[in-house]
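In: Need the 3D shape of this:
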Amino acid sequence: MRNPEQTIGNLIDKSSGTQLCYIDADGYPVTRAMLSPRERNGIKTFWFTTNTSSDKVKRFRENPKASIYYVDKRFFRGVSLIGTVEVLETEEDKKRIWRDGDSKFYPDGVSDPDYCVLKFTAVKGRYYSNFKSEDFDI
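Out: A predicted model of the protein is given here:
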């Protein structure tokens with residue numbers, strides 16, 4: 001892979017969603033489907049919306065280790081990015097990625113106590129394509 005940021009960025013942009021993995025209370029991995037990131041900075045930093053009351057938020061506060069996965073079913077390729085998640089609850093962070101229509105999920109708007117932002121920061125990844133895998137650092 002000559003340009004990981006471009007190759008993986010294109011895969012992410014064409015993906016219909018994100019698979020987010022975290023560690024549960026017993027030390028087992030749990031995978032959750034998420035909407036696509038609201039924002040991303042290359043393949044290093046991603047911002048997602050979620051419910052503050054969710055189990056994943058509770059677990060990320062205990063253990064920030066996480067991974068996100070994107071797949072291109074058509075060409076049978078995918079990428080796993082490994083890193084950490086921060087739970088952000090400041091009004092500034094919440095306003096940053098708020099979109100029209102979010103009040104459907106968070107009726108009290110940006111100040112809804114059940115609305116927060118997950119900031120995922122990748123440190124490394126693994127790309128699969130053409131029947132082979134390739135590790136890379138970010």
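In: Let's verify the nearest residue to E62 once chain neighbours are set aside: helix, strand, or coil?
Out: Excluding the flanking residues, the one nearest E62 by Cβ to Cβ, 6 or more residues apart in numbering is A25, at 7.7 Å. In short, each C-beta sits where N, CA and C put it, glycine included. Judged by DSSP: H, G, I helix; E, B strand; the rest coil, the three-state class of A25 is coil.
In: Count the neighbours of A25 for me.
Out: Residues lying near A25 (other Cβ atoms under 10 Å) number 11.
In: Does it touch N63 like I think?
Out: No - with contact defined as Cβ atoms under 8 Å, A25 does not reach N63; the gap is 9.4 Å.
In: Note down every partner strand of the helix or strand where C21 lies and its orientation.
Out: Assigned by DSSP states H and E, C21 belongs to strand 18-23. Note on strand 18-23: by DSSP bridges, its sheet partners are strand 29-34 (antiparallel), strand 65-72 (antiparallel).
In: now the ones you listed in JSON lines, with mean pLDDT?
Out: Output for the strands paired with strand 18-23, formatted as JSON lines (pLDDT from 0 to 100):
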{"stretch": "strand 29-34", "mean pLDDT": "97"}
{"stretch": "strand 65-72", "mean pLDDT": "97"}
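In: ok so, going back, I'd like the distance between the residue nearest to E62 and L88.
Out: As for A25, its distance to L88 is 22 Å (criterion: Cβ to Cβ, to the nearest Å).
In: just D108 next, same as before
Out: To L88, D108 is 17 Å away according to Cβ to Cβ.
In: and the two? which has more neighbours close in?
Out: Set D108 next to L88 and count neighbours by other Cβ under 10 Å: L88 wins out with 15 against 10.
In: I'd guessed that one sits against V117; true?
Out: Yes - the pair L88 / V117 is scored as a contact, 4.1 Å apart, by Cβ under 8 Å.
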